[in-house]
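S.K.: let me see the structure of the following:
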Amino acid sequence: MGDPNGSVSNTSMAGQTKKPQEMKSPQPPVCIIENIDGQLRPCESGLKILESIELPLVVVAVFGMYRTGKSYLMNRLCNKKQGFSLGSTIQPHTKGIWMWGLPHPKNPEYCLLLLDTEGMGDTKKGDETSDKWLFVLSLLMSSLFIYNSMKQIDQHAMSDLHIVTKLKNFIKIKTQTNDSKEEDELWKTCLPFVWVIRDFCLEMEIDGKEVTADEYLEHCLLPNQEKNKEYNECRKCITELFPDRKCFIFPQPTTKVKHLRNLENIADSELDEDFVAEITKLRDYVYSRAEPRIVQGVPLNGRMLSTLLQTFTECISRGDAPSLQTIVQSMADRENSKVVAAADTCYRESMDKLVLPVKDAFKLQQHHIESERKAFDVFKQLYFPDKDYKFQNELKVKLQTLLQQYCKRNKEESEKKCRTILTHAFKKVEEKHMNGEYAKPGGYRKYIADWNLAEEEYLSAKGKGPKGEKVLLEFKKNKAGEANRLAMNECLYWQTKELEAEKQKVTIAEMEEKLSHEEMASLQKQKEMEEAHEMQITKLSRTFKADKQKIKEQIEALVQSELEKQKH
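M.R.: You can find the predicted model right below:
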């Protein structure tokens, strides 16, 4: 309905440059919306299958009164006789909304999604509440909408479609200006509306002139001023809501009642040829006319359509009158959150391809720019445009935060690798130090030589990253005490050696001095002894001479005495 969710041509698919994927093997029809006691709710198992469809969806929905052959029509639309389950009794068969996803026969880049809806008008329902929501849901999802009715377009058929006159009461459309004309314009859908008339047996003439099916439809939609308000209001709503209209008229497929009850097993050769021909025309029209379902310029895939359905059913389950903009915005917000997460993952995967650490900050920045570009490519391919760029700005902030984390991680990885390289390079130095080899004389010089070799090995190692010099500097600071202790021990050793040498010199000097003093004393004593001896000898000599003189004198005296005696 209008721009918020109307189908448009492929040229308006904003940012859809993603390479098409082939559709997985088709699943049999599954229920996606359950109707339990008049309450519509998503069927989780069906939505899970829907969410697995990644291709843009060409959604064709059929709606109409119950027991009018809608399921059979949808089976024939995909050129199959069996698919959606058919009923052969007077009771309604299809409940809720069932989907059947098939590869598009004309375009492998799309998935053809057929929606078979529960028939309206079942007297056992009691009211039309579920009918109106099923109708709205069918319109909301469709790329092409088929209304299926019986026999002819008369006032009874129009009355069956009276639900369109109440559509504005079921769902809200708000504009920024609250302009009623603008709101009325938004109610117009861009999706093709196909009215299929079944078991038609009248002549295609109006006032004696032969007419086509389309002309018949337009004639039936003409207002009549002579009729009451209800008559004209329904026709006006249909023409305004569905400006793109088409009509197909089918004769009864066969006149045999037993075949009518078993149509899915009847060969085309046993069916009315005009019926088969009309089926072919309808099929060709649908394949060529129906485009991918577009919301805010973005073609819906299975995941997006599932989000849309869940948002809508949550709203009506609360008893709220759904706002089209709110539903679409809620879906867009949910999807954009997923798109931001996908872009985030893309960025991480791209950044993780860069082997950390890297020393060149420019290289890291360049890789970030390339990873950011890839992330925004993913974002642009999938996001729903928003006026305030909320999710684009959110992604920018996320990527900047991630860049900071990668820069931090680069430093951490660099430090980790540098420490590993240091450990390996200085392993022998550490072992020798632990073994006490550097504590021996001359060990400090050997320590310095081994250190320089280890440092040279560390500096020549590749891939250290930005922390190479800082880690080495911290390592040197941590080992400075060790080097100083070795230097001091070495210095103390040589100082001790020098002190011992000096002490030895002093001892020798003292000994020499002592010996010199003793020798001098001995010489002095000897000299004194010699002098005393000489003096003694001199004295003795003198005494001897005196004694000798005295003896001589005594002898002379004695001789003289004797002589005198002789004289006498």
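
S.K.: for the stretch 151-300 of the chain, what spans make up the helices?
M.R.: Under the criterion DSSP state H, counting those that start in this stretch, helices of the stretch 151-300 of the chain are mapped to 155-160, 167-170, 180-187, 213-220, 229-241, 257-260, 273-289.

S.K.: before we move on, what about the stretch 401-550 of the chain?
M.R.: Using DSSP H, counting those that start in this stretch, helices in the stretch 401-550 of the chain cover 427-434, 443-460, 468-567.

S.K.: what's the closest of those to Val211?
M.R.: Minimum separation from Val211 across the helices of the stretch 401-550 of the chain (Cβ to Cβ) falls at helix 468-567, 87.3 Å. C-beta here means a position set from N, CA and C on the backbone, and glycine is covered the same way.

S.K.: who are the packing partners of that closest one?
M.R.: When contacts are defined as 3 or more Cβ pairs under 8 Å, 6 or more residues apart in numbering; DSSP states H and E, helix 468-567 packs onto helix 390-425, helix 443-460.

S.K.: quick check: angle from it to helix 443-460?
M.R.: 170 degrees (axes from the mean of the first three to the mean of the last three Cα atoms, to 10 degrees).

S.K.: can you get me a residue count around the closest residue to Thr129 other than its chain neighbours?
M.R.: With Cβ to Cβ, 6 or more residues apart in numbering as the criterion, Thr129 has its nearest non-adjacent residue at 6.0 Å, and that residue is Gly38. By other Cβ atoms under 10 Å, 13 other residues sit near Gly38.

S.K.: closest one to Leu364 among the helices of the stretch 151-300 of the chain?
M.R.: That would be helix 180-187 among the helices of the stretch 151-300 of the chain, by Cβ to Cβ, at 48.9 Å.

S.K.: rank the helices of the stretch 151-300 of the chain by mean pLDDT and give me the bottom one.
M.R.: Here the lowest mean pLDDT among the helices of the stretch 151-300 of the chain goes to helix 180-187, at a mean of 44.

S.K.: quick check: which ranges of the stretch 51-200 of the chain have low pLDDT?
M.R.: Counting by pLDDT under 70, the stretch 51-200 of the chain shows low-confidence ranges at 67, 81-94, 120-128, 165-190.

S.K.: sorry, back to before: make JSON lines out of the helices of the stretch 151-300 of the chain and add mean neighbour count and distance to Gln392.
M.R.: Shown next, in JSON lines, are these (neighbours: other Cβ atoms under 10 Å; distance: least, Cβ to Cβ, whole Å):
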{"stretch": "helix 155-160", "mean neighbour count": "16", "distance to Gln392": "46"}
{"stretch": "helix 167-170", "mean neighbour count": "14", "distance to Gln392": "34"}
{"stretch": "helix 180-187", "mean neighbour count": "14", "distance to Gln392": "26"}
{"stretch": "helix 213-220", "mean neighbour count": "17", "distance to Gln392": "45"}
{"stretch": "helix 229-241", "mean neighbour count": "16", "distance to Gln392": "34"}
{"stretch": "helix 257-260", "mean neighbour count": "12", "distance to Gln392": "57"}
{"stretch": "helix 273-289", "mean neighbour count": "15", "distance to Gln392": "34"}
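
S.K.: would you tell me which of the ones you listed gets closest to Ile249?
M.R.: helix 213-220 (4.6 Å).

S.K.: that closest one - contacts with which helices or strands?
M.R.: Going by 3+ Cβ pairs under 8 Å, 6+ apart, helix 213-220 lies up against strand 205-206, strand 245-249.

S.K.: highest mean neighbour count out of these?
M.R.: Mean neighbour count (mean count of other Cβ atoms under 10 Å) peaks for strand 245-249 among those, with a mean of 19.

S.K.: does Leu113 touch Gly101 like I think?
M.R.: Yes - between Leu113 and Gly101 there is a contact under Cβ atoms under 8 Å: 5.2 Å.

S.K.: what do these two both touch?
M.R.: By Cβ atoms under 8 Å, 6 or more residues apart in numbering, Leu113 and Gly101 have these common neighbours: Ile53, Leu57.

S.K.: of the two, give the one with the bigger neighbour count.
M.R.: Leu113 (29 against 23).

S.K.: name the SS class of that one, please.
M.R.: strand (DSSP: H, G, I helix; E, B strand; the rest coil).

S.K.: now do the contacts for it.
M.R.: Ile53, Leu57, Val58, Val59, Val60, Met99, Trp100, Gly101, Leu102, Leu305.

S.K.: so which of these belong to helices?
M.R.: Using DSSP state H, the subset of the contacts of Leu113 located in helices is Leu305.

S.K.: residue nearest the centroid of this protein?
M.R.: Thr345 (1.8 Å; Cα atoms, centre = their mean).

S.K.: other SSEs contacting the helix or strand that contains that residue?
M.R.: Secondary structure assignment for Thr345, by DSSP states H and E: helix 324-351. On a contact count with 3+ Cβ pairs under 8 Å, 6+ apart, helix 324-351 meets helix 2-5, strand 294-295, helix 302-317, helix 361-382, helix 390-425.

S.K.: re the thing from before, by mean pLDDT, show me the worst of the helices and strands packed on helix 468-567.
M.R.: Among the helices and strands packed on helix 468-567, helix 443-460 carries the lowest mean pLDDT (a mean of 86).

S.K.: so which bits of it are buried?
M.R.: Across helix 443-460, burial judged by 16 or more other Cβ atoms under 10 Å covers Gly443, Tyr444, Lys446, Tyr447, Asp450, Trp451, Ala454, Glu455, Tyr458.

S.K.: can you tell me how far the third one is from Glu412?
M.R.: Here Lys446 is placed at a distance of 35 Å from Glu412 (Cβ to Cβ, to the nearest Å).

S.K.: need phi/psi at Cys31.
M.R.: Torsion angles at Cys31 (phi, psi; degrees, to the nearest 10) stand at phi -80, psi 130.

S.K.: which strand residues bridge it?
M.R.: Trp98 (DSSP bridges).

S.K.: again with the one 10 residues further on
M.R.: For Arg41, the beta-bridge partners under DSSP bridges are Glu34.

S.K.: can you get me a residue count around it?
M.R.: Around Arg41 there are 15 residues (other Cβ under 10 Å).

S.K.: go on, Leu540?
M.R.: The burial count for Leu540: 12, using other Cβ under 10 Å.

S.K.: and if you look at Ser138?
M.R.: 22.

S.K.: what's near enough to touch it?
M.R.: Ala61, Phe63, Ile97, Leu115, Thr117, Phe145.

S.K.: what's the PyMOL line that selects buried ones from those residues?
M.R.: Of the contacts of Ser138, the buried ones go into a single PyMOL selection, burial set by 16+ other Cβ under 10 Å:
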select buried, resi 61+63+97+115+117+145
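
S.K.: pretty sure Pro385 sits in a helix.
M.R.: No - counting by three-state DSSP, one finds Pro385 to be coil, located in no helix.
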